[in-house]
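Colleague: show me the folded form of this:
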Amino acid sequence: MEFSGPIYIHTFEGNKGKRGIEALRDRARMRKMCGPYRITPFVRTRENARTGIGFYQSSHGLSMGDGIIDLRLVLANDAFEGYSRLAQINGYYCDEYQDQTMMPIVARLPRSRGFLAGWTMGEGMCASLDGNIYPDLQSAAHAAHSIAENDAEKEREYEARENERIEREEQEAAEREQAENDAWELANQDAEANS
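Modeller: Numbering: from 1, shown residues only. Coordinates of the predicted model:
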């Protein structure tokens, strides 16, 4: 079966024709991915009943980017009026080299339904929001600092365990290689002695 004439594509916006296709192309071009960052699906257990959502922050400022939900994000430090110890903290280091930080953020729910606490690693990088709803900005900001600090500490511990495991595997591989080299050398010495 052959089609003749132009084919119109109906988009979610209700537009027909070239305009709708261009809108979809523009939207696809705006999506940016960077780095080898992946968010591991969170397994909920009784001991660890935290809920939440992970996402990539937009590379165009403090927003959630192209996703299912688009909440208004603010830095948690903006919630503290006057001098506060937490207002002076710009993030929590999540690696031993102090290159990467988790900055606390707060998401405003629509229609004044509350606030969500979380953290971000920066523009175009991974971020996370906790599922607990807080009634005011200050309590969500305090929780965001606590979550960012706790998750950064967990990440540092995870990296330390992984580095130890990698070093142990490399040492075992080097010992195996040395044992193989010693065995070859011994076999060659025996072959030369017998000839």
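Colleague: so residue 58 lies in a helix, does it not?
Modeller: No - applying DSSP: H, G, I helix; E, B strand; the rest coil, one finds residue 58 to be coil, outside a helix.
Colleague: how many other residues sit next to it?
Modeller: Here the neighbour count serves as a burial measure; for residue 58 (other C-beta atoms under 10 Å) it reads 20. For every residue, glycine as well, the C-beta is placed using N, CA and C.
Colleague: pLDDT at it, what is it?
Modeller: Looking at residue 58, its pLDDT stands at 72.
Colleague: what's the answer for the one 5 residues further on, then?
Modeller: Predicted confidence (pLDDT) at residue 63: the value is 69.
Colleague: what's the spacing between residue 134 and residue 115?
Modeller: 5 Å (C-beta to C-beta, to the nearest Å).
Colleague: any residues in contact with both of these two?
Modeller: For the pair residue 134 and residue 115, residues contacting each of them under the criterion C-beta atoms under 8 Å, 6 or more residues apart in numbering are residue 140.
Colleague: so for the two, which residue has more residues nearby?
Modeller: Taking other C-beta under 10 Å, residue 134 and residue 115 do not tie; residue 115 has more neighbours (25 against 19).
Colleague: can you tell me the closest non-neighbouring residue to the more buried one?
Modeller: Residue nearest to residue 115 in three dimensions, not counting chain neighbours: residue 140, with 3.6 Å by C-beta to C-beta, 6 or more residues apart in numbering.
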